[in-house]
Structure formats: C-alpha cells, structure tokens
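[1] Here is a sequence with its predicted model. Questions after.
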Amino acid sequence: MLELGYFPTIDAIKSALHSLNLKFVMQLSNGKRRSLAEIFSFEVIRVEDQKIFAGPSLEQLLRNDLFATYLLDAAEFSLLKFKSDFDLSDYCDGFKRESKYSREDVFRILGWEQNPNALNVGGYVVSRDGSNCPIFLNYHKEETISDSTKYEDRFQDPKTLIYMSKSKRTLQSPDVASIAAQASNNIRIPIFVKKSNDEGLSFYFLGDGKADPAKFEESRMPIEGGESVSVVKMSLELSKSVSPSLFKYLTAPPD
C-alpha cells in the first residue's frame, strides 16, 4: 500500500498476524472462552527471523488447488477493493471515516489480543493497557429498553458529541477519569455511531474524539421505581466534522 501513502506500523503488522493465526476470535469451549487457534490447534502462519511463512495448517490447505485458487482470488479482490475507495485524508489509524465497522472489527483493528465479551463492553470500554477506549453509540434508543440504559447521548453540533458514561459513575470513576485525562495519558477515543438497532450490527466511524474535561459534568439519571443513579455527561470533540448528509441521517428520527 506504499503507493497510497499508507505505511503500516510494526504494531499493526503484529496485530494482523495475530488475527490471521485465529488468536483474536473467541468462542466457548468446555465452558471457557478460548481462541479458535487454541480450540482447533490452528497455526496458519509462522514468523521466523522477521520473515513470514505459511504455517502447517495453511500448508496443508494449500495442497488443495481449488482452495489455493479461491484464497488468491480473495486476496487480490481485497487489495483492489481497498485501493478503490482508500483516501488518505479520511484514513485514521486503521479506520476510514464514515465507513461501517462491527464491534469485532473495531477491537481487532485496535490491536486487542482477544475479542472481548460484549457484556463487558456496553457503550464503551477502556483497554487493559489504557491506550484506547472505543465508544459505540446507538443514537436513537428503543422505548422498550430499561430506564438505566436510556442515555441522553446527542450531537451538540456536527463536530461535538455529548456522551453519557455508564450508570453509577462519577468524575472519580476509573473509566471516566481515564477519558478525562486524555491530555496526559494519550488514550485514543475512536467514536462509532449507528442510527438505531434496526440498522444492524455495524457502526459508522466518525473519527477520534478529544475529551474536554472542563465540560464533564456529574448528573443523575432516573430509573425504575422513582429512583435515580449517578452518571457523567462527557463532551467529546471530533477531529473532523461529520458530513452534512451523514449528520442529517443519524440525527433524523427513525422511520
């Protein structure tokens, strides 16, 4: 991809090799979450002396001429597709602005070792090493969801997002504090938004967010039974304004 001005980092290459070896995707096996590589004893590729070779699993498959033909065709198509819609000005460390990604895509591209359990993610999650915190926003909430998840997330304008923390959080909560301290800890905050759950499992990547801790505000959110829980309103500025067409689409009420 050098002709496009894209130079993958060593970390990006290591992450890609990790995914190719099926160590990222997890599933239950004997009551425990394990990688596909561990469950099925796959070794698709191997690295020796900074050189990449086919692993025994791939070598065996390549003996099948039909498989080899399909694999080459898929690789060539992927390269053509990438080149056809790649624009360096809209490329942001692995993601293309206003393109769609699943949660699994996001964690894989961010270099997480394993795809996390969705129940542990919710709307956002800080990585173990504190290097990134992807945010997933379902803009129009369903009326049937519980009061404790009816967050009042909204665009303040095409470049600014008001985003609510998880419930029972304060300014001192570790996840909120980590986001607020972005200026010192350099945590990356990529933001992904979809119009509603009717849109499917993928989110539009809007860009990386910049936290404005001076505008973080503790608040209360009502829940069932007349009670309320603490929550933090966080102000995040995008690196680039959302295009007028996508902004209109996301903010307009669902059909």
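    Yep, it's here.
[2] Against residue 41, how distant is residue 181?
    Distance, residue 181 to residue 41, using Cβ to Cβ, to the nearest Å: 42 Å. All C-beta spots, glycine's among them, are computed from the backbone N, C-alpha and C.
[3] which parts of the helix or strand harbouring residue 218 are buried?
    Assigned by DSSP states H and E, residue 218 falls within strand 217-222. Going by neighbour count (16 or more other Cβ atoms under 10 Å), the buried part of strand 217-222 is residue 221.
[4] to the chain's geometric centre, what's the distance from that strand?
    Offset of strand 217-222 from its chain centre (Cα atoms, centre = their mean, to the nearest Å): 26 Å.
[5] swap in stretch 166-178?
    Counting by Cα atoms, centre = their mean, stretch 166-178 comes out at 20 Å from the chain centroid.
[6] Can you show me the CA trace of that stretch as PDB?
    What follows is stretch 166-178 as a C-alpha-only set of coordinates in PDB (Å, rounded to 0.1, in the frame of the first residue of the first chain):
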ATOM      1  CA  LYS A 166     -22.300   4.100  32.100                       C
ATOM      2  CA  SER A 167     -24.600   4.400  35.100                       C
ATOM      3  CA  LYS A 168     -23.400   4.600  38.600                       C
ATOM      4  CA  ARG A 169     -20.300   6.600  37.600                       C
ATOM      5  CA  THR A 170     -18.800   9.800  38.900                       C
ATOM      6  CA  LEU A 171     -15.900  12.000  37.900                       C
ATOM      7  CA  GLN A 172     -13.700   9.900  40.100                       C
ATOM      8  CA  SER A 173     -14.700   6.600  38.500                       C
ATOM      9  CA  PRO A 174     -11.600   4.900  36.800                       C
ATOM     10  CA  ASP A 175     -13.100   4.800  33.300                       C
ATOM     11  CA  VAL A 176     -14.400   8.400  33.300                       C
ATOM     12  CA  ALA A 177     -11.200   9.600  34.900                       C
ATOM     13  CA  SER A 178      -9.100   7.900  32.200                       C
END
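[7] Please point out which parts of it sit buried.
    Per 16+ other Cβ under 10 Å, stretch 166-178 contains these buried residues: 166, 167, 169, 173, 176, 177, 178.
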